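Enquirer: Based on what follows, work out the 3D shape:
(2 chains)
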Amino acid sequence: SQQGEEDPQALSIQEGENATMNCSYKTSINNLQWYRQNSGRGLVHLILIRSNEREKHSGRLRVTLDTSKKSSSLLITASRAADTASYFCATDAFRSGSEKLVFGKGTKLTVNP
Amino acid sequence: EAGVTQFPSHSVIEKGQTVTLRCDPISGHDNLYWYRRVMGKEIKFLLHFVKESKQDESGMPNNRFLAERTGGTYSTLKVQPAELEDSGVYFCASSQDRAFNEQFFGPGTRLTVL
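Expert: From the prediction side, this is the model:
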């Protein structure tokens, strides 16, 4: 699998339900970031979690990070139709001297009204 | 505060032509990045500027791509001559702090090469 690989590739839920997306990566990281992309639009930054953090919240979003398993999860609670989008995790390599982000292919979330 | 802006939003050109994409980062952000997503693939890094200097251009696909950031403000990405496989969405991002590396993306330029 590639750095920053999301799972599942597609997820369809009903409005009001919770949505959980997972991300796995291969190398040690400084930070992990989650982004959202609505159809045909740009990437919206959702949240950044540092490698020394285990959990972070922002509104209806909850991100966890398990560096021992090299994985992260994004939980969206009480989903809304407007949450329909593709979600990407992105990592940067620890002490690589480069700040480039490596993205996965994303999880396509559909929230049905 | 204005976000990252990109121009144009969409460009359609023929193979062999030249296209120049522009990115204006968030004011005060020294770090500027270019990424692209070709159809069905992941978003891939192209290069990174710190002010006007190229910090990392390891992702540039070939010498048909030229990026500049004169004066350390906006950046341009020129593709000359464009090929069919250059079609995709080109994103620009900027960040203030390299250590923290929270990158904010623009809306992208969708490039179609016919």
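Enquirer: quick one: low-confidence parts of the chain?
Expert: Looking at chain A here, since you left the chain open. For chain A, the stretches with pLDDT under 70 are A:1-4, A:40, A:94-97.
Enquirer: Switch to chain B, please.
Expert: Ranges of chain B meeting pLDDT under 70: B:1, B:98-100.
Enquirer: Residues of chain A that sit close to chain B?
Expert: Within chain A, the positions adjacent to chain B are A:2, A:30-31, A:33, A:35, A:41-45, A:48, A:88, A:90, A:92, A:98-105 by CB under 8 Å from any CB of the partner chain. Every C-beta, even on glycine, is put in place using the N, C-alpha and C of the backbone.
Enquirer: hmm, try it at 7 Å
Expert: A:30-31, A:33, A:41-43, A:45, A:48, A:88, A:92, A:98-101, A:103-105 (CB under 7 Å from any CB of the partner chain).
Enquirer: Pull out the buried positions in stretch B:4-19.
Expert: B:V4, B:Q6, B:S11, B:I13, B:V19 (16 or more other CB atoms under 10 Å in any protein chain shown).
Enquirer: what do you get for stretch B:22-36?
Expert: Neighbour counts using 16+ other CB under 10 Å place B:C23, B:D24, B:P25, B:I26, B:H29, B:D30, B:N31, B:L32, B:Y33, B:W34, B:Y35, B:R36 of stretch B:22-36 among the buried residues.
Enquirer: Export those residues as a markdown table, with columns for distance to chain A.
Expert: Shown next, in a markdown table, are the buried residues of stretch B:22-36 (distance: CB to the nearest CB, whole Å):
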| residue | distance to chain A |
| --- | --- |
| B:C23 | 12 |
| B:D24 | 13 |
| B:P25 | 14 |
| B:I26 | 11 |
| B:H29 | 12 |
| B:D30 | 11 |
| B:N31 | 7 |
| B:L32 | 11 |
| B:Y33 | 7 |
| B:W34 | 10 |
| B:Y35 | 8 |
| B:R36 | 11 |
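Enquirer: Done for today, thanks.
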